[in-house]
Structures are given as C-alpha cells and as structure tokens.
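Trainee: Structure for the following, please:
(one chain, ligands or ions: 1)
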Amino acid sequence: MVQDAPVEVAHVGEVEPGTTKKFILQVDGREVECFVVNYGGGLFAYVNRCRHVPMTMDWIENQFLTEDGRYILCATHGAAYEPESGECIFGPPCGKVLDRVPLTIAGDRVLAHRPLEDET
Ligand code: FES
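Mentor: All right, here's what the predicted structure looks like:
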C-alpha cells in the first residue's frame with residue numbers, strides 16, 4: 001500500500017494547551033477527518049471517528065474536550081477517551097482506542113501522517 005504524503009496541519013504553537021484543531025487527510029483516495037489536541041503541552045492526533053459507532057465525535061464543531069479539558073468526549077453517547085493514548089476509559093467502547101494519527105515536527109510545521117488503525 002502506498003503511503004500518502006504527510007500533510008501540514010498546524011504550525012508549532014498554533015494549537016494551544018486545552019484546544020483542538022480539525023484537519024483532513026487523504027488516505028487511499030478518501031478524505032478522512034482528523035483532529036489534533038494539545039493536552040498538557042503535548043500534541044496528539046486522532047481520526048475523528050468514535051470506536052462505538054463509526055461517526056464523528058464533535059457535535060459542536062471542533063469541540064472534543066470535556067469542560068475540564070481532561071478527556072476527549074464523544075458527544076453522541078458520552079464515551080471518554082484519554083487524550084495521550086486515545087484509549088476509551090468510560091462509555092460503550094471502553095478499552096478500545098481511537099485511530100492515532102502520527103505527528104512529526106519539521107521546522108515550525110506540524111505534519112500528520114497516515115493514521116494507524118487499531119485492532120481492538
Ligand atoms: S458513538 Fe461515540 S459513544 Fe456512541
């Protein structure tokens with residue numbers, strides 16, 4: 001399978017702690033919606049697809065975090081995911097993990113790579 005080219009999703013410092021930003025990746029000719037979250041100063045990115053029902057998690061555009069910023073929340077049935085690992089710790093898909101989007105930094109650019117699909 002051919003690796004799709006990495007995509008610039010933000011510049012360094014753009015996504016501030018406690019905030020998120022959505023972006024689109026092309027994967028095998030399909031558009032896949034993803035998001036990056038700054039949790040505790042670290043950047044993590046995932047496909048915007050709940051592991052319960054395969055649907056987007058932000059009912060309100062680009063609102064992924066609980067009010068206290070502690071968890072990524074699926075608005076549909078309230079599943080809560082750890083921002084650092086993507087693991088669901090509460091809700092119907094408990095124990096499953098969001099599909100991670102690897103990130104790298106090149107100069108002042110944050111680049112997203114092809115998502116890793118979880119097998120759980
Ligand atoms: S679709 Fe996300 S918890 Fe049900």
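Trainee: near the ligand, which residues of this structure?
Mentor: Proximity of the chain to the ligand is confined to 50, 52-53, 55, 74, 76-77, 79, 91-92 under the rule C-beta under 6 Å from any ligand atom. In short, each C-beta sits where N, CA and C put it, glycine included.
Trainee: So which residues of this protein form strands?
Mentor: Assigned by DSSP state E, the chain shows strands spanning 7-11, 20-27, 30-39, 42-47, 72-73, 80-81, 88-90, 103-106, 109-112.
Trainee: now for the first one, which elements pack on it?
Mentor: It stands for strand 7-11. With contacts taken as 3 or more C-beta pairs under 8 Å, 6 or more residues apart in numbering; DSSP states H and E, strand 7-11 sits against strand 20-27, strand 30-39, strand 109-112.
Trainee: export the ones you listed to TSV and tack on distance to Thr66 and mean pLDDT?
Mentor: Converted to TSV, the helices and strands packed on strand 7-11 look like this (distance: least, C-beta to C-beta, whole Å; pLDDT from 0 to 100):
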stretch	distance to Thr66	mean pLDDT
strand 20-27	12	96
strand 30-39	11	97
strand 109-112	23	98
